[in-house]
Structure formats: structure tokens, C-alpha cells
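Novice: Sharing a model prediction with you, sequence too.
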Amino acid sequence: KAGVTQTPRYLIKTRGQQVTLSCSPISGHRSVSWYQQTPGQGLQFLFEYFSETQRNKGNFPGRFSGRQFSNSRSEMNVSTLELGDSALYLCASSLVRTGPTEAFFGQGTRLTVV
Amino acid sequence: KNEVEQSPQNLTAQEGEFITINCSYSVGISALHWLQQHPGGGIVSLFMLSSGKKKHGRLIATINIQEKHSSLHITASHPRDSAVYICAVRSGGGTGNQFYFGTGTSLTVIP
């Protein structure tokens, strides 16, 4: 079965612009979570969606937002891009929210802000 | 303070050596994952553990829930094992699908 698909894989944006990233989870998975990976901070939790509702949010400014659609696909949006937003953005999907359930990661979207 | 501590940060080994990477965590968890990331690549989940031990080929992962500690072992290491290995714990309770990550162990296996 298809894995977690993130699009686009690479993106270059200018400071001040906004960007939308997409994550399609494994079929049947309803939980999607997003992470930012930077060389300085490592992997950090952004937010989690389940059944179209944001269930949990990490410590990121309001410029970072997301949503989940009825087919469980999720998008995250970053407005007013800053140079420090350059990072690898990863999403993970799992069948359920809690408990010892497998999580599957996408290949990530590498965002460069210039 | 990091919820997940990994050691060592960097590791260089000769091909064939036995390798151990350690992970300690301080939060309540529902599961612990060992992840592998190749340079420029995405992340692959190698193991998910909630208790005991798992083995997959040359990789072995163990977890001690009482001591809040996990280890990843690679037997007969090979240059293709060169990657960053990340310990990630999925929080327990009502916080759902949030992962806390270690800073990763960069492994280089020399032929």
C-alpha cells in the first residue's frame, strides 16, 4: 500500500511569502502530525490532527497553521516566511491517536526561505 | 531539559563491529520508536516498542519501561548502516500523537 506522501519535496520561497505544504496519510489512517527539523533544534512537534480537528499544538507562532480534510489529507501553512523557517517539514500518519500504534513518516518537504 | 536524551551523538565504527545507541526519556510514553534518517532523506521507522525486545535482521531494540531506557543494537555493522538514528517517544495519556525526539546519533561505518 502507498506510504505517506508529502508534496512538494522541495520548495524555495522568499521572505514574507506564504507557503502551503501537503501530506497524504496512509489510506485508513486518521491521525496526522507535523514536525519541523532544523540543524539547530532537531525535530520539533508542530501540530496533530485527527478527524479534521487539531488535537494538539506545539510551541510555534501563529504563523504556522494547518488543517485536515475529510479524507484525512492534511495541509500546513506558514505565512510571512522568515529565514529561520528554512527546514525539513515532516508529517507522520497513524491509524489512531493514542496507544502503541505504528507511525509512518513521509519523505518530507525541504523548504528554503531566501 | 530534553524529554529524550540520546547517546552518543556521533559514532564511528569499523565494518563488522557491534554498535549500541542508548536512549533515556523522562515522560510517560505509550510507545518508543527508533527512526533512521539517511543524509538528505526522509525518516523510516525501524522499530516501535512498548515493552521487551524486537529483532529485525541485524537490528535489535530493547526497552526497559521501569528504567525509562531503550537501546538500539546493530550487529555486524555495514557501511550502508551509516545514517542518523533518532529515538522518539510517543507521549501517553490524552496528548495523543505527539512525539518527543532525541537529538539523534550520527553513525558512520567505515569499510
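Specialist: Perfect, thanks for sending it.
Novice: close enough to count as contact, residue A:92 and residue A:107?
Specialist: No - assessed by Cβ atoms under 8 Å, residue A:92 is found out of contact with residue A:107, at 11.6 Å. For every residue, glycine as well, the C-beta is placed using N, CA and C.
Novice: Those two: who's more crowded?
Specialist: More crowded of residue A:92 and residue A:107, by other Cβ atoms under 10 Å in any protein chain shown: residue A:92, with 27 against 18.
Novice: residue contacts, the more buried one?
Specialist: Residue A:92 makes contact with A:4, A:32, A:33, A:35, A:103, A:104, A:105, A:106, B:97, B:99 under the criterion Cβ atoms under 8 Å, 6 or more residues apart in numbering or on different chains.
Novice: Now list whatever residues contact both of residue A:92 and residue A:107.
Specialist: residue A:4.
Novice: about what we covered before: need the contacts of residue A:92 in JSON lines with distance to residue A:53, neighbour count and pLDDT, can you?
Specialist: Below are these laid out as JSON lines (distance: Cβ to Cβ, whole Å; neighbours: other Cβ atoms under 10 Å in any protein chain shown; pLDDT from 0 to 100):
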{"residue": "A:4", "distance to residue A:53": "20", "neighbour count": "23", "pLDDT": "94"}
{"residue": "A:32", "distance to residue A:53": "11", "neighbour count": "27", "pLDDT": "94"}
{"residue": "A:33", "distance to residue A:53": "13", "neighbour count": "30", "pLDDT": "93"}
{"residue": "A:35", "distance to residue A:53": "19", "neighbour count": "24", "pLDDT": "94"}
{"residue": "A:103", "distance to residue A:53": "19", "neighbour count": "22", "pLDDT": "83"}
{"residue": "A:104", "distance to residue A:53": "21", "neighbour count": "17", "pLDDT": "87"}
{"residue": "A:105", "distance to residue A:53": "22", "neighbour count": "23", "pLDDT": "88"}
{"residue": "A:106", "distance to residue A:53": "21", "neighbour count": "26", "pLDDT": "91"}
{"residue": "B:97", "distance to residue A:53": "12", "neighbour count": "26", "pLDDT": "61"}
{"residue": "B:99", "distance to residue A:53": "19", "neighbour count": "25", "pLDDT": "83"}
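Novice: No further questions, thank you.
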